[in-house]
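Asker: Show me the folded form of this:
(chains A and B)
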Protein chains: 2
Amino acid sequence: MSALDAALRETQALMEEALDIYLPRPAGPEARLVDAMRYATLGGGKRLRAFMTIEAGGLFGVERNALLRAASAVECLHAYSLVHDDLPCMDDDDLRRGKPTLHREYDEATAVLAGDALQALAFQLLSAVEIHSDPFVRADLVHRLAVSAGHAGMVGGQMIDIDSEGREIGIEVITRLQRLKTGALIVFACEAGAILGRAGQHQRQSLIGYGQDLGLAFQIADDLLDVEGDPETMGKAGAKDAALGKASFVAVLGPERARAQAEMLAAQAVAHLDGFDSRADNLRALAGLVVNRAA
Amino acid sequence: MSALDAALRETQALMEEALDIYLPRPAGPEARLVDAMRYATLGGGKRLRAFMTIEAGGLFGVERNALLRAASAVECLHAYSLVHDDLPCMDDDDLRRGKPTLHREYDEATAVLAGDALQALAFQLLSAVEIHSDPFVRADLVHRLAVSAGHAGMVGGQMIDIDSEGREIGIEVITRLQRLKTGALIVFACEAGAILGRAGQHQRQSLIGYGQDLGLAFQIADDLLDVEGDPETMGKAGAKDAALGKASFVAVLGPERARAQAEMLAAQAVAHLDGFDSRADNLRALAGLVVNRAA
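Answerer: Sure, this is the predicted structure:
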């Protein structure tokens, strides 16, 4: 197993523990909601975004508990976006991480509400005094996540995605779609480590640049997987985007040029880390993994 | 027109302007999302929660722009909750504030996403440096809203509400339901003024107490309206809760005892304001209005 694989597995185990602590416990008449929040968040997931936060924060010696809390906020936000994306009125998916999607396991109303509550929880975790003694850091984290998650970020990207179904759109719109839909949260995941470490503007900008290029590379790889991947390995249905008539890099560029583009972006992502020493090696290796992953 | 009516109308006009400024402008391929966010938030609403924030902040001489920004965050959060509550998988409502509900005017996917983006926008507004120069105030606002809006607040209440449909539940569960579903955000609306004004613990607690009692009184009045109100005046369907087999104070207490309870709570809310001078008169009058409103 490579050093990266070992580090990823360690993060997965740590995040399972951390999320178990930071997610509420089912109690009272609203227990069903909390159960659903836990179902959506615990028990799997590659935790790549959490890994980015933890590794980026490690560059500045950020204390582990603060990183786990911030990474948990990122994973809660990500989990909420998956739950809402899977809804019948959106992508209408039955399977996620090899399990029934939330609205299949519970029901639609519970899925909408669990997603809503997970978004609120992300902001609760980032604004709690326990994450950092400096309130400027807490407010900065919240503000950057809010921008990344909202209309000019993740949700805006999802709107373009849904709106583009069955329509032909150009490479500029696809790039904006993906930069918002998956890129914005990946950028935040990296930037959060810099914010917690009170990094200078230059280093913070390097991690933002890394996140931007990695985010696009990740999405192109995802599009390639959708076309070429094995549904068994992925734990979700394949060729789903093509069936929905969704715009994708692969549809516009063709698989070969798309792969070349992903590799170029991954190399560019790594170049952003030039100012960091060997402590950034996991982030460097991650860029390679992202474009060559099987699931 | 009473002094309270005049002040409420002024707030409605101010909030329409403020929200127009703080909501994004439609642009780019995600314009549909922003249009929907504006549809859900602008053009009506009593703005009672905004009024609470503005009046509570006025007790401490908080600068007007900060109050309008915080009040806009509260109204965005409230608007998102209405959009998601109205969805077919929840209350399945066709009419809101006299207009088609968002999923009827647009579609379900857009309604889910617009709600999601409005929640993010609320946190963006509260964490922006423009709201207060002290980052402690910003982080405090965010944290209190996150708790009030999430699983232990508004969304938790909505879960109990949906879960209780067609089931018999006791007065304790109904009280918890309403304290979470509508009470938590009303408490936050009042507390936000105190946070922005850096009020001492005692004064902050007084406003929280006022919000708690007012919130419950408001909900009982709402239940009474659902049974007795005029759909024309309300701009939404009546007797909806009863038709859905929803738990309500009126169903358990009967209309007479429910009305007496609302009046008692309103008086209690006013008593919490004893430590404030005549600048709290609008908040005092609001308690009377809430239990005697027609819409």
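
Asker: Now do stretch A:140-150, average pLDDT.
Answerer: Per-residue pLDDT over stretch A:140-150 has a mean of 98.

Asker: Would you confirm that residue A:104 contacts residue A:87?
Answerer: No. Residue A:104 is beyond contact range of residue A:87, at 10.4 Å (criterion: C-beta atoms under 8 Å). Backbone N, C-alpha and C define where each C-beta goes, glycine included.

Asker: Look at these two and report which has more neighbours.
Answerer: Of the pair residue A:104 and residue A:87, residue A:87 is the one with more neighbours under other C-beta atoms under 10 Å in any protein chain shown, namely 22 against 16.

Asker: ok, now how distant is that one from chain B?
Answerer: 6 Å (C-beta to the nearest C-beta, to the nearest Å).

Asker: Helix, strand or coil: sort out that residue for me.
Answerer: Of the three states, residue A:87 takes coil under DSSP: H, G, I helix; E, B strand; the rest coil.

Asker: Same question for residue A:62.
Answerer: With three-state DSSP as the basis, residue A:62 sits in coil.

Asker: Could you report the neighbour count for it?
Answerer: Residues near residue A:62, counting by other C-beta under 10 Å, number 23.

Asker: Just read off the phi/psi values of it.
Answerer: phi -70, psi 140 (degrees, to the nearest 10).

Asker: Now that it has come up, it's in contact with residue A:195, right?
Answerer: No. Look at residue A:62 against residue A:195 with C-beta under 8 Å: they stay out of range, at 9.4 Å.

Asker: Identify the residues contacting the closest residue to residue A:248 other than its chain neighbours.
Answerer: Of all residues not flanking residue A:248 in the chain, residue A:223 sits nearest, at 4.1 Å (C-beta to C-beta, 6 or more residues apart in numbering or on different chains). For residue A:223, the contact set (C-beta atoms under 8 Å, 6 or more residues apart in numbering or on different chains) comprises A:241, A:248-251, A:258.

Asker: residues contacting residue A:178?
Answerer: Residues near residue A:178 by C-beta under 8 Å, 6+ apart: A:157, A:215-216, A:219-220, A:249.

Asker: now do 7 Å
Answerer: Contacts of residue A:178 were listed using C-beta atoms under 7 Å, 6 or more residues apart in numbering or on different chains, and they are A:157, A:216, A:219.

Asker: Roughly how far does it sit from residue B:110?
Answerer: Residue A:178 sits 20 Å away from residue B:110, going by C-beta to C-beta, to the nearest Å.

Asker: Could you list the low-pLDDT ranges of the stretch 101-250 of chain A?
Answerer: Applying pLDDT under 70 to the stretch 101-250 of chain A flags residues A:229-245.

Asker: That one against chain B: which residues are in contact?
Answerer: Residues of the stretch 101-250 of chain A lying near chain B by C-beta under 7 Å from any C-beta of the partner chain: A:108-109, A:112-113, A:116-117, A:119-121, A:123-124, A:127-128, A:135-136, A:138-139, A:142-143, A:146-147, A:149-152, A:155-156, A:158-160, A:162-163, A:173, A:176.

Asker: How far off centre is stretch A:219-231?
Answerer: 16 Å (C-alpha atoms, centre = their mean, to the nearest Å).

Asker: List the buried residues for it?
Answerer: Along stretch A:219-231, these residues count as buried under the neighbour rule (16 or more other C-beta atoms under 10 Å in any protein chain shown): A:219-226, A:229.

Asker: just checking, residue A:155 touches residue B:116?
Answerer: Yes. Using C-beta atoms under 7 Å, residue A:155 is in contact with residue B:116, at 5.0 Å.

Asker: Which residue lies closest in space to residue A:92, excluding its sequence neighbours?
Answerer: Using C-beta to C-beta, 6+ apart and skipping residues adjacent in sequence, the residue nearest residue A:92 is residue A:86, 7.5 Å away.

Asker: That should have said residue A:156, apologies.
Answerer: Residue A:156's closest residue in space is residue B:30 (C-beta to C-beta, 6+ apart), at 3.9 Å.

Asker: The one you found: what's it in contact with?
Answerer: Applying C-beta under 7 Å, 6+ apart, we find residue B:30 in contact with A:151, A:156, A:159-160.

Asker: need the helices for the stretch 151-295 of chain A, in chain order.
Answerer: With helices called from DSSP state H, counting those that start in this stretch, the stretch 151-295 of chain A shows them at A:154-163, A:171-178, A:184-196, A:201-228, A:231-234, A:240-243, A:249-253, A:255-271, A:281-292.

Asker: so how far is the first one from its chain's centroid?
Answerer: The reference is to helix A:154-163. Per C-alpha atoms, centre = their mean, the centroid offset for helix A:154-163 relative to its chain is 15 Å.

Asker: now the third one
Answerer: Between the mean C-alpha location of helix A:184-196 and the chain-wide mean there is a distance of 11 Å, by C-alpha atoms, centre = their mean.

Asker: Any chance you could list what contacts that helix?
Answerer: Residues from elsewhere that reach helix A:184-196, judged by C-beta under 7 Å, 6+ apart: A:49, A:52-53, A:56-57, A:59-60, A:62, A:66-67, A:70, A:74, A:77-78, A:132, A:137, A:140-141, A:144-145, A:148-149, A:153-154, A:203-204, A:207-208, A:210-212, A:214-215, A:218.
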